[in-house]
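**Student:** Starting from these lines, generate the structure:
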Amino acid sequence: MRRGDATARPRTTPRVQSAASRVNEGTAVDFIQPTPSPTNYLVPTVIEQTNRGERAFDIYSRLLQQRIIFLGTPVNDEIANVIMAQLLHLESEDPDKDIALYINSPGGSITALFAIYDTMEYIKPDVQTICMGQAASAAAVLLAAGTPGKRFALPHARILLHQPSGGAEGQSVDIEIQAREILRMRDLLNEILAEKTGKTVEQIDKDTDRDFILDADQAKDYGIVDEIIASRKAQERVVR
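**Tutor:** Residues are numbered from 1 along each chain as shown. Below is the predicted model of the structure:
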């Protein structure tokens, strides 16, 4: 600190220095940087016959009528708002009936993840989570956040966990701030995963230091899911 400068910079710990180094390298992984949702794919339409004629629904609205939410995109703020609204809507329709959240997602923004996670914890209905395809990064945390006993994976599902990281630029003090925030987010994620899997925070921290890839059987052994299901009947036997 220069003489006469009344503002002292916060002391930088080795842990923050390490995180700052990762941030300064510009390593942008899906946990911090929001990923835009794809808009160039066809959304099927379902036609239903009613007494008043035909009604058309996009497939996701039709699934919502069956209390099914489908997360099939990267997790960003836009997608989080949609899923939160769906969860709240289904709670208002029937607070005692399960909601099913199907997941096939590469992950995404950590703030969007926390928004969805907190909503899942907030609402009254149990939330079944089902991984079909993959649940990576933020999506893997949502998979683990389902109601205990109602977290499922299909036989060939893939689950990936890792620590949050991101890219930043600017003065060293700004990079330090971002590094501290990454560490705070990492600690929160580790605590959530430890609670949901039954592992210790130290074990989670060690395992997710690099990409931690699990198949369905390994995810069950690790405590991310409760059962592996190959058919609707198998799922119904568990949750009825």
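**Student:** Now residue 131: phi and psi?
**Tutor:** phi -90, psi 120 (degrees, to the nearest 10).
**Student:** try residue 125
**Tutor:** Torsion angles, degrees, to the nearest 10, at residue 125: phi -60, psi 150.
**Student:** Number of residues surrounding it?
**Tutor:** 18 (other Cβ atoms under 10 Å). Bear in mind the C-beta positions are built from the backbone N, C-alpha and C, glycine included.
**Student:** In this structure it contacts residue 89, no?
**Tutor:** No - if you go by Cβ atoms under 8 Å, residue 125 and residue 89 don't touch, sitting 11.2 Å apart.
**Student:** was I right about residue 159 contacting residue 220?
**Tutor:** No - between residue 159 and residue 220 there is no contact under Cβ under 8 Å: 9.9 Å.
**Student:** Between these two, which is the more surrounded one?
**Tutor:** residue 159 (26 against 18).
**Student:** Read off the pLDDT value for that one.
**Tutor:** pLDDT, residue 159: 98.
**Student:** Quick one: the strands in this structure, in order.
**Tutor:** Counting by DSSP state E, the chain has strands at residues 45-50, 53-58, 68-71, 99-105, 127-136, 151-153, 158-161, 212-215, 227-228.
**Student:** State the mean pLDDT of stretch 89-106.
**Tutor:** The predicted model gives stretch 89-106 an average pLDDT of 98.
**Student:** ok, and for it, which residues are buried?
**Tutor:** 90, 91, 99, 100, 101, 102, 103, 104, 105, 106 (16 or more other Cβ atoms under 10 Å).
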